[in-house]
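Participant: Pasted the sequence and its predicted model underneath.
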Amino acid sequence: MITVRGLHKSYGVAPLFEGLSFQVERGEAVVLIGPSGSGKSTILRCINGLETFDRGEITVAGIELHSINTKRPSREDAERIRKVRLKLGMVFQQFNLFPHMTVLQNVTEAPVRVLGMGRTDAEAEARGFLRQINLEGKADSYPAQLSGGEQQRVAIARALAMRPEAMLFDEPTSSLDPEMAGEVLSVIRRLVAEGMTTMIATHEMGFAREAAGRVIVFDKGAIIETGPPSQIFTSPKVPRTREFLNRVLGRF
């Protein structure tokens, strides 16, 4: 579903990725862990065409992205980015809901404007997504009337309304308290259980261990270890992984 091959990216003269490569299979749930600043969020943004990179290749559902200037892309590159974004739903740390629109309007706006759905069909489908996240009764509420966890669940419903083939989650619970975070993580668990291809950057180690099919450990822009959660969280092979998990879990 997603292939990253030989990716190089720098910020000025400071390199971040120097030949990063990995694959995500269709239906796979991959969780990215590692210290802050290690590249987890950046790689998700590169995959979704939100960040440029210097060299290498990213392929999403057969669509190739190369070293595109995402700020001033050519017409051809802009079309590739558009196609990739139609394949991917992305949920960020911040909820990014339209404050002047109701929950229902937030979820239906893109399907109507981008996918060309009729508003009646879009609203019926949106209400189905709101039922799935236990927010059907909030359809006519505005974002300011919702808790943080409710807003993030609406952001997930909004992404799902675009019928993506994969979902990217960038620290989706980082700005939430534990109870609200639990509400959001339960929705993501259900998506994983249903077979949605997912990539999740998170500091929630318990969730990573429970939901991931595979864990990728980042450090300083490199993948230092990858494997099933049972191996990563019980017997990591790399000293740096053990050091990181000891710091966040006190386990090793």
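Facilitator: Arrived safely. Residues are numbered from 1 along each chain as shown.

Participant: What mean pLDDT does stretch 178-187 get?
Facilitator: Averaged across stretch 178-187, pLDDT comes to 88.

Participant: Do you have the strands of the stretch 151-252 of the chain handy? List them.
Facilitator: When secondary structure is read from DSSP state E, counting those that start in this stretch, the stretch 151-252 of the chain shows strands at 166-170, 197-201, 214-219, 222-227.

Participant: okay if I get those strands as CSV plus mean pLDDT?
Facilitator: Below are the strands of the stretch 151-252 of the chain laid out as CSV (pLDDT from 0 to 100):
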stretch, mean pLDDT
strand 166-170, 96
strand 197-201, 97
strand 214-219, 97
strand 222-227, 97
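
Participant: of all those, which lies closest to Ser21?
Facilitator: strand 222-227 (8.1 Å; Cβ to Cβ). All C-beta atoms are positioned from the backbone trio N, CA, C, and that covers glycine.

Participant: rewinding a little: want to try CSV for the strands of the stretch 151-252 of the chain, with distance to Glu64 and mean neighbour count as columns?
Facilitator: What follows is the strands of the stretch 151-252 of the chain, written out as CSV (distance: least, Cβ to Cβ, whole Å; neighbours: other Cβ atoms under 10 Å):
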stretch, distance to Glu64, mean neighbour count
strand 166-170, 16, 24
strand 197-201, 18, 25
strand 214-219, 22, 22
strand 222-227, 21, 18
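
Participant: residues of stretch 9-19 that come out buried?
Facilitator: Under the neighbour-count criterion of 16 or more other Cβ atoms under 10 Å, stretch 9-19 has Lys9, Leu16, Phe17, Glu18 buried.

Participant: Return the member of those nearest to Arg113.
Facilitator: Lys9 (31.5 Å).

Participant: Can you give me the buried ones in the helix or strand encompassing that closest one?
Facilitator: Applying DSSP states H and E as the criterion places Lys9 in strand 2-11. Going by neighbour count (16+ other Cβ under 10 Å), the buried part of strand 2-11 is Ile2, Thr3, Val4, Leu7, His8, Lys9.

Participant: Not counting that strand itself, show me its contacts.
Facilitator: 15-24, 42-43, 46-47, 51-61, 166, 197, 199, 221 (Cβ atoms under 8 Å, 6 or more residues apart in numbering).

Participant: just the CA coordinates of stretch 133-144, formatted as PDB?
Facilitator: Extracted in PDB, the C-alpha atoms of stretch 133-144 (Å, rounded to 0.1, in the frame of the first residue of the first chain):
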ATOM      1  CA  ILE A 133     -17.900   7.000  17.000                       C
ATOM      2  CA  ASN A 134     -20.800   7.400  19.400                       C
ATOM      3  CA  LEU A 135     -21.500  11.000  18.500                       C
ATOM      4  CA  GLU A 136     -24.700  10.800  16.500                       C
ATOM      5  CA  GLY A 137     -26.400  13.100  19.000                       C
ATOM      6  CA  LYS A 138     -23.800  15.800  18.400                       C
ATOM      7  CA  ALA A 139     -24.500  16.200  14.700                       C
ATOM      8  CA  ASP A 140     -25.900  19.800  15.100                       C
ATOM      9  CA  SER A 141     -23.300  20.900  17.700                       C
ATOM     10  CA  TYR A 142     -20.400  23.200  16.900                       C
ATOM     11  CA  PRO A 143     -16.700  22.300  17.700                       C
ATOM     12  CA  ALA A 144     -16.600  24.700  20.600                       C
END
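
Participant: Alright, calling it a day.
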